[in-house]
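**Student:** with the sequence up front, the predicted model follows.
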Amino acid sequence: MSAPLRWGILGTGGIAHTFARDFRLVDDAQIIAVGSRSQASADAFGDEFEIPSRYASYEELVSDPHVDVVYVATPHPFHHANARLALEHDKPALVEKAFTMTADEARDLVALAREKKLFLMEAMWTRFLPHVKAIRELIAQGALGELVSVSADHGQWFEQDPSFRLFDPALGGGALLDLGVYPVSFASMILGTPNRISALVDPAFTGVDGQASMLFGYESGAQAILTCTSFARSATRASIVGTEARIDVEGDFYAPTSFSLIQRNGESRRFEFSDEGRGLHHEADEVAQCIAVGRLESSLMPLDETVTIIETMEKVLAFL
């Protein structure tokens, strides 16, 4: 039997806490180190999750010879530098979404990982959830017929605090990279890369994008209608429409949930799933499985697709 995969967490914010809480559900792996910009933060996180090695710098974390893979959980303006630091120290990396701030940054990380033959993946955890796996299987089986459209929304309400990361330009503020990445990635998974993009994008009170409505067109003739907002809590549902049937995904579509397959004649079949935790453990399992067999990227979240998703969001932001 191979030794458990040893993880180091780079960053101690909210998503790092969610990942660490779900990690109890990960098979044959352990978190052995955490790195922060302060010793106090690293120690507090280490105490909470019983992590033995706590570092007051990211450089110390990626230099730890016992760490097999690094989870980059910092705000997205720092993903490029932090992931590059891990790769330069020969550490495979799982990088939170949005993967980077720009497509150029994404291409740089992908090129470096491929040059050094290291595993790299965007932490789009939705891709690995049980209900999404079932949706992909139904589409592959032709259950929906020819795909016609995809719709998805992701809206959350946040207090208008200029220092909060969704509104602070210095922290990569904006609804699209934080919230809109979910519907954009969902549509990409189903329909691919759009060849036509139109959007309405309005600013929040700090000037970053606060709300976006997107219309994507594809070579197949299919369309995607996607929305995101940091002004209000929306239904956070998704729908995939085909000539023979449609799939309606309950909110939150990007988290563990259920869906219905509704035939053209109105007959409906409900698919229910039971899943512990928030669902982030599935992406950790995917990383472990890929590394165990020597894969340098995931077939479910390919690096080239991660780049095209960032390119698509850049085009949407040009409408701001």
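**Tutor:** Ah, there it is. Not measured: the values here are computed from a predicted model.
**Student:** and stretch 205-222, which residues are buried?
**Tutor:** Buried residues in stretch 205-222, counted by 16 or more other Cβ atoms under 10 Å: 206, 208, 209, 210, 211, 212, 213, 214, 216, 218, 222. In short, each C-beta sits where N, CA and C put it, glycine included.
**Student:** for residue 29, give me phi and psi.
**Tutor:** When quoted as degrees, to the nearest 10, the phi and psi of residue 29 stand at phi -160, psi 160.
**Student:** please apply the same query to residue 147.
**Tutor:** phi -70, psi 130.
**Student:** these two touch, right, it and residue 224?
**Tutor:** No - taking contacts as Cβ atoms under 8 Å, residue 147 lies outside contact range of residue 224: 10.1 Å.
**Student:** the more surrounded of these two?
**Tutor:** Between residue 147 and residue 224, counting by other Cβ atoms under 10 Å, residue 224 is the more crowded of the two (23 against 19).
**Student:** show me what that one is bridged to.
**Tutor:** In this structure, residue 224 has beta-bridge partners residue 150, residue 216, where bridges are defined by DSSP bridges.
**Student:** the helix or strand hosting residue 153 packs against which elements?
**Tutor:** Here residue 153 is covered by strand 147-155, with elements defined by DSSP states H and E. Other helices and strands packing on strand 147-155, by 3 or more Cβ pairs under 8 Å, 6 or more residues apart in numbering; DSSP states H and E, are helix 181-191, strand 223-229, strand 238-242.
**Student:** quick check: neighbours shared by residue 147 and residue 224?
**Tutor:** Counting by Cβ atoms under 8 Å, 6 or more residues apart in numbering, the residues touching both residue 147 and residue 224 are residue 191.
**Student:** burial check on residue 52, number of neighbours?
**Tutor:** Around residue 52 there are 11 residues (other Cβ under 10 Å).
**Student:** distance-wise, check the closest residue to it other than its chain neighbours relative to residue 281.
**Tutor:** Beyond its immediate neighbours in the sequence, the residue positioned closest to residue 52 (Cβ to Cβ, 6 or more residues apart in numbering) is residue 32, lying 6.0 Å away. Using Cβ to Cβ, to the nearest Å, one gets 17 Å for the distance from residue 32 to residue 281.
**Student:** neighbour count: the two, which is higher?
**Tutor:** The residue with more neighbours, out of residue 32 and residue 281, is residue 281; 22 against 18, by other Cβ under 10 Å.
**Student:** that one touches residue 26, doesn't it?
**Tutor:** Yes - with contact defined as Cβ under 8 Å, residue 281 and residue 26 form a contacting pair (4.8 Å).
**Student:** and the strand holding residue 153 with helix 181-191, angle?
**Tutor:** Computed by axes from the mean of the first three to the mean of the last three Cα atoms, to 10 degrees, the angle separating strand 147-155 from helix 181-191 equals 170 degrees.
**Student:** report the buried residues of strand 147-155.
**Tutor:** 147, 149, 150, 151, 152, 153, 154, 155.
**Student:** just stretch 194-208 next, same as before
**Tutor:** If you call a residue buried by 16+ other Cβ under 10 Å, then stretch 194-208 has these buried ones: 194, 197, 199, 201, 204, 206, 208.
**Student:** please apply the same query to stretch 296-309.
**Tutor:** With burial defined by 16+ other Cβ under 10 Å, the residues of stretch 296-309 counted as buried are 296, 297, 298, 300, 301, 303, 305, 306, 307, 308, 309.
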